[in-house]
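give me the fold of what follows.
(chains A, B, C and D)
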There are 2 protein chains.
Amino acid sequence: MGAETTRAHIVEAADRLFYHQGYGHTSFAAIAEAVHISRGNFYYHFKSKDDILRAVIVARLESRRRMLEQWEAEESDPAGRIRRFIEIVVTNRADIQSYGCPVGTLTTELAKLGHPALDEAGELFTLFRAWLREQFTQLGHPARADALAMHVLAFSQGVATLAHAFRDEDFIRREVRRMHDWLSAYSAGSEAAVPAAHEDGAQADA
Amino acid sequence: MGAETTRAHIVEAADRLFYHQGYGHTSFAAIAEAVHISRGNFYYHFKSKDDILRAVIVARLESRRRMLEQWEAEESDPAGRIRRFIEIVVTNRADIQSYGCPVGTLTTELAKLGHPALDEAGELFTLFRAWLREQFTQLGHPARADALAMHVLAFSQGVATLAHAFRDEDFIRREVRRMHDWLSAYSAGSEAAVPAAHEDGAQADA
DNA sequence: CACCGCGTAGGACGGCTGTCCTATTATTCC
DNA sequence: GGAATAATAGGACAGCCGTCCTACGCGGTG
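Take a look at the predicted model:
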């Protein structure tokens, strides 16, 4: 088997195990068993465990970039692209209920471990933040774009964390509906469509 | 020194270290060093590491219960009590930016570890959920109370996760302001004050 | 004073971890 | 077909982990 193939298999298995069990709790032996190679052979492809983590982060970054590019190819308007992002928590509800958000849980863990690769993991958040900011800018809210992007990110992290803790699918769908309603105020096309303060926030959610 | 005092010191140090470094990454040696006792002496007070974790969870539960009781003593109306909860992320912003939410990060970690004490940690979430549900019921929204409670929880988790990842205090304050505005639609006193769907969600956030 | 028990100290243990080293097999090229 | 290189296997190593055991000091009681 080619070295690149084996390397890809290692990254794939490590990606899944880091997501399911966490980085710190996933041993070399566990990855080796999943890929069906010996522990010693690891160091032919990677020089340390940190090295595998960085490869996993790079793989996730590329994966998410491809996802966002595909959305831009499929959705012509920025509002539709943002809605795609909002619906991630529904699309991936099974994994999220079992393991939480891959980005949020990894970043939190690396921060607590004081791991040097924390900044690289943070780029995953930055990627989404910048992309959402761009969508809101195209939607006609350049000044608020970054704050709105952060709000959408906070929504997805909050929903993922609680869906994980309570394993509640109805909750996910309720919050997604709420978020769609929230977005519709911004996607009406003109800045004037955005309601003034104290008129926001509530809808038929229960 | 009394056994109970030492036990309390251990729980206190473990609580802090579990929060700062995570449960799995905190060793017995680290706790022992923080309390200035020997490692071996641990097993006079606790019979395992799981035992310490459970004691920490119990301590956190009691701490949060006391906090909620104090709010009920200080705030006469349920809306004010909910606002107290919303402002936790501002009050504890320094710790949250450094270590995230103590409840959310612990629950997520224990879930990934497959730790048997996961359910006990989940009671921390359940405590807040039930308390918020009660406040929204008193506010006049009994049917929506649980969904609204979950929404407030999702807000706090989302804000905590992102504030931790980006260390952004302005973001916290923005989201808290947004949440206060959201709540004001429900705390006007009558059910009729709640806006209809598609009129919610936006305000001066940036 | 002698005694007893509570609280503590510190080392020993087996197991798992990441890392490294060397031997062995598979593949490719002349 | 033989030689050089790519890829893998598997054990050795030191270090840390949670756990356990035994011995020691100290304070109160008879």
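
state the distance from the spatially most central residue of chain A to chain B.
In chain A, the residue lying closest to the centroid (CA atoms, centre = their mean) is A:V103, at 4.7 Å. Distance, A:V103 to chain B, by CB to the nearest CB, to the nearest Å: 9 Å. Where C-beta positions appear, they are placed from N, C-alpha and C, glycine not excepted.

before we move on, what SS does that residue have?
helix (DSSP: H, G, I helix; E, B strand; the rest coil).

I'd guessed it sits against A:L124; true?
Yes - the pair A:V103 / A:L124 is scored as a contact, 4.6 Å apart, by CB atoms under 8 Å.

list the buried residues in the longest helix along chain A.
Secondary structure of chain A per DSSP state H: the longest helix is helix A:49-74. For helix A:49-74, burial by neighbour count (16 or more other CB atoms under 10 Å in any protein chain shown) applies to A:49, A:52-57, A:60-61, A:64, A:68, A:71.

repeat that for stretch A:171-184.
A:171-172, A:174-184.

can you state the direction angle for the helix or strand encompassing A:A147 and helix B:145-166?
A:A147 belongs to helix A:145-166 when assigned by DSSP states H and E. Taking axes from the mean of the first three to the mean of the last three CA atoms, to 10 degrees, helix A:145-166 and helix B:145-166 form an angle of 120 degrees between their directions.

after helix A:145-166, heading C-terminal, what element do we hit next?
helix A:169-184.

so what's the residue count around the single nearest residue of chain A relative to DNA strand D?
In chain A, the residue that lies nearest DNA strand D is A:G40 (1.6 Å; CB to the nearest atom of the strand). When neighbours are counted by other CB atoms under 10 Å in any protein chain shown, A:G40 registers 9.

where does it fall, phi/psi-wise?
phi -60, psi -30 (degrees, to the nearest 10).

residues from chain A in reach of DNA strand D?
A:1-3, A:6, A:36-41, A:44-45 (CB under 7 Å from any atom of the strand).

sorry, back to before: which of the buried residues of helix A:49-74 sits closest to DNA strand C?
Distances from DNA strand C to those, taken by CB to the nearest atom of the strand, are shortest for A:K49, at 3.7 Å.

right, and the closest one touches A:A30 too?
No - in this structure A:K49 lies outside contact range of A:A30 using CB under 8 Å: 11.6 Å.

hmm, back to that, list residues touching both of A:V103 and A:L124?
A:R60 (CB atoms under 8 Å, 6 or more residues apart in numbering or on different chains).
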